[in-house]
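J.: need the 3D shape of this:
(one chain, ligands or ions: 1)
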Amino acid sequence: MNLLITGGAGFIGAEAVRAWVDRPEVTKLVNLDALTYAADLRRLHGIHGVHPRYVFEQVDLRDRAAVREVVRRHGITHVVHFAAETHVDRSIAGPEVFVETNVLGTLHLLEACREEWNLRYQISEFRFVHVSTDEVYGSLGPADPAFTEANPLQPNSPYSASKAGADHLVRCYVRTYGLPAFITRCVNNFGPTQHTEKFIPTVLRCLADDQPVPIYGDGRNVREWLAVSDHVEGLRLVLERGEVGGTYNLGSGVELDNLDLAGRLCDLFDAETGRPAGTARRRLSFVADRPGHDLRYAVDATRLRALGWQPAADFNTALRATVRGFLERRGT
Ligand SMILES: NC(=O)c1ccc[n+]([C@@H]2O[C@H](COP(=O)([O-])OP(=O)(O)OC[C@H]3O[C@@H](n4cnc5c(N)ncnc54)[C@H](O)[C@@H]3O)[C@@H](O)[C@H]2O)c1
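T.: Numbering: from 1, shown residues only. The predicted model follows:
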């Protein structure tokens, strides 16, 4: 396959590049990324500019002609679409770029595939995975059952609304044009190279800088957490075995409220830096809640588990590795 990964310099896309570049079914792996503030090519150390099967294209999804040119020139047969604006707080401060990249950018990619793939062979030979998020479903109450793929989309932030917009486009390209696409909706990811603006790295950065650790509201907002490596393996299985047109949730069943997770990170931080137990927890500090802050997300991943997927990482071990990775990069 000539595999196009969009957003391969981002947190999850880079994990996918690392996991897939040496797989036997991959002839060429093209990483299309605009290199926004969220990108970091150090995540691709040892691959970027070095690996014989890897090609980098610095292209903005908002540039329709350039996107099509990449799909054409590299004879792309498979797409896994990660690139997006991803930070909820930024979407509240400035929604427009979220619509431009996440909705219009996805449309440009869908159009490029539809046009190019229709010029070659049967469109059904190709595959397109759209990487979405559990946030499109909206918010759950404390006792509600987890979201299934049949739940309606009820996004509450400009970020999740723009991702839901893209999901609807992908769905309609399956129905209207026969594009062989999948939609995946994963819970919160974590891992050592996540951008410092996200929750876990923010906690660790504040602790490392001896700053207060901001906790929104009362800290009782619940998220489900999956190791980034398990997300990427799930996407690979969808690509390999998924039912065309299908939507797949990815989750671990590990639900934690923000205060609980921050507390665990504090304890790991103390242990890893040799500080007395309880030191870091004193840094936790409640701040005004995020507007429209969803109370709880959790998904039912039965459908993907039926394809043979299950999370391999132990949560506590992976969280410790995340803390260690953060400290190593800080040179602490
Ligand atoms: N991080 C999570 O917990 C999580 C959970 C579920 C789903 N997702 C989804 O997974 C995908 C990847 O998330 P992430 O956390 O790795 O994101 P990220 O913010 O770390 O990386 C996004 C990447 O996309 C690139 N990009 C942004 N705008 C672009 C544009 N206009 N053109 C080309 N490239 C552009 C950036 O340069 C960056 O490399 C996103 O679609 C996100 O919605 C993330």
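J.: only C-alpha atoms for contact and neighbour calcs from this point on.
T.: Noted.
J.: give me the residue ranges of this structure where confidence is low.
T.: Applying pLDDT under 70 to the predicted model, the residue ranges of the chain that meet it are 332.
J.: recalculate using a threshold of 90.
T.: Across the chain, residues meeting the criterion (pLDDT under 90) sit at 118-125, 290-294, 329-332.
J.: now the helices for it?
T.: Under the criterion DSSP state H, the chain carries helices at the ranges 11-20, 64-73, 88-93, 96-98, 106-119, 158-177, 199-208, 228-241, 258-273, 302-305, 315-330.
J.: who's in contact with the residue of the chain positioned farthest from its centre?
T.: Computed with CA atoms, centre = their mean, the residue of the chain farthest from its C-alpha average is Pro276, at 34.7 Å. Residues counted as contacts of Pro276 (CA atoms under 8 Å, 6 or more residues apart in numbering) are Asp270.
J.: kindly recompute the last result at 10 Å.
T.: With contacts taken as CA atoms under 10 Å, 6 or more residues apart in numbering, Pro276 has the following neighbours: 267, 270.
J.: can you list the residues of this protein near the ligand?
T.: With CA under 6 Å from any ligand atom as the criterion, the chain meets the ligand at residues 7-13, 33-36, 38-39, 59-62, 82-86, 101, 131-133, 186-189, 195.
J.: filter those residues down to the buried ones, PyMOL style.
T.: Selecting only the buried entries of the residues of the chain next to the ligand in PyMOL, with 16 or more other CA atoms under 10 Å as the criterion:
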select buried, resi 7+8+9+10+11+12+13+33+34+35+38+39+59+60+61+62+82+83+84+85+86+101+131+132+133+186+187+188+189+195
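J.: among the residues of the chain next to the ligand, name the ones in strands.
T.: Where these overlap with strands, as defined by DSSP state E, the overlap consists of 131-133, 186, 188-189.
J.: reformat those residues as CSV; add distance to Val238.
T.: Formatted as CSV, these follow (distance: CA to CA, whole Å):
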residue, distance to Val238
Val131, 11
Ser132, 13
Thr133, 15
Cys186, 12
Asn188, 18
Asn189, 18
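J.: ok, and the closest non-adjacent residue to Ala312?
T.: Counting by CA to CA, 6 or more residues apart in numbering, the nearest residue to Ala312 once its immediate chain neighbours are dropped is Asp230, at 6.4 Å.
J.: ok, how many other residues are close to that neighbour?
T.: Neighbour count for Asp230, taken as other CA atoms under 10 Å: 19.
J.: repeat that for Val67.
T.: For Val67, the neighbour count with other CA under 10 Å is 22.
J.: correct me if wrong: it contacts Leu104.
T.: No: with contact defined as CA atoms under 10 Å, Val67 does not reach Leu104; the gap is 11.8 Å.
J.: hey, what's in contact with both of those two?
T.: 61, 110.
J.: ok so, going back, ok, now which ones touch the residue nearest to Ala312?
T.: Residues in contact with Asp230 (CA under 10 Å, 6+ apart) are 189, 236, 250-252, 309-313.
J.: from Lys198, how far off is it?
T.: In this structure, Asp230 and Lys198 are separated by 19 Å, where distance is defined by CA to CA, to the nearest Å.
J.: okay, now Thr302: neighbour count?
T.: Here the neighbour count serves as a burial measure; for Thr302 (other CA under 10 Å) it reads 17.
J.: quick check: closest non-adjacent residue to it.
T.: Ranked by CA to CA, 6+ apart and with sequence neighbours excluded, the top spatial neighbour of Thr302 is Asn249, at 8.0 Å.
J.: quick check, that neighbour in contact with Asn188.
T.: No: look at Asn249 against Asn188 with CA under 10 Å: they stay out of range, at 11.8 Å.
J.: what residues are shared contacts of those two?
T.: Joint contacts of Asn249 and Asn188 (CA under 10 Å, 6+ apart) are 133-134, 298.
J.: now Val97, nearest residue through space, not along the chain?
T.: Counting by CA to CA, 6+ apart, Glu85 is the residue found nearest to Val97 once chain neighbours are left out, at 7.5 Å.
J.: from what I see, that neighbour and Ala38 are in contact.
T.: Yes: using CA under 10 Å, Glu85 is in contact with Ala38, at 8.4 Å.
J.: next, the closest residue to Ala66 other than its chain neighbours: phi, psi?
T.: Of all residues not flanking Ala66 in the chain, Val59 sits nearest, at 6.6 Å (CA to CA, 6+ apart). Comment: the main-chain dihedrals of Val59 come out as phi -140, psi 140, following degrees, to the nearest 10.
J.: what's the answer for Gln211, then?
T.: In terms of degrees, to the nearest 10, the main-chain angles of Gln211 are phi -110, psi 160.
J.: for Asp289, same thing?
T.: Asp289 adopts backbone torsions of phi -70, psi 150, taken as degrees, to the nearest 10.
J.: for the nearest residue to it once chain neighbours are set aside, list the residues it contacts.
T.: Nearest-residue entry for Asp289: Gly217, 4.1 Å, with adjacent residues in sequence omitted and distances by CA to CA, 6+ apart. Under the criterion of CA under 10 Å, 6+ apart, the contact partners of Gly217 comprise 258, 285-290, 293.
J.: just the buried ones from these?
T.: By neighbour count, with 16+ other CA under 10 Å, the contacts of Gly217 hold 258, 285 as buried.
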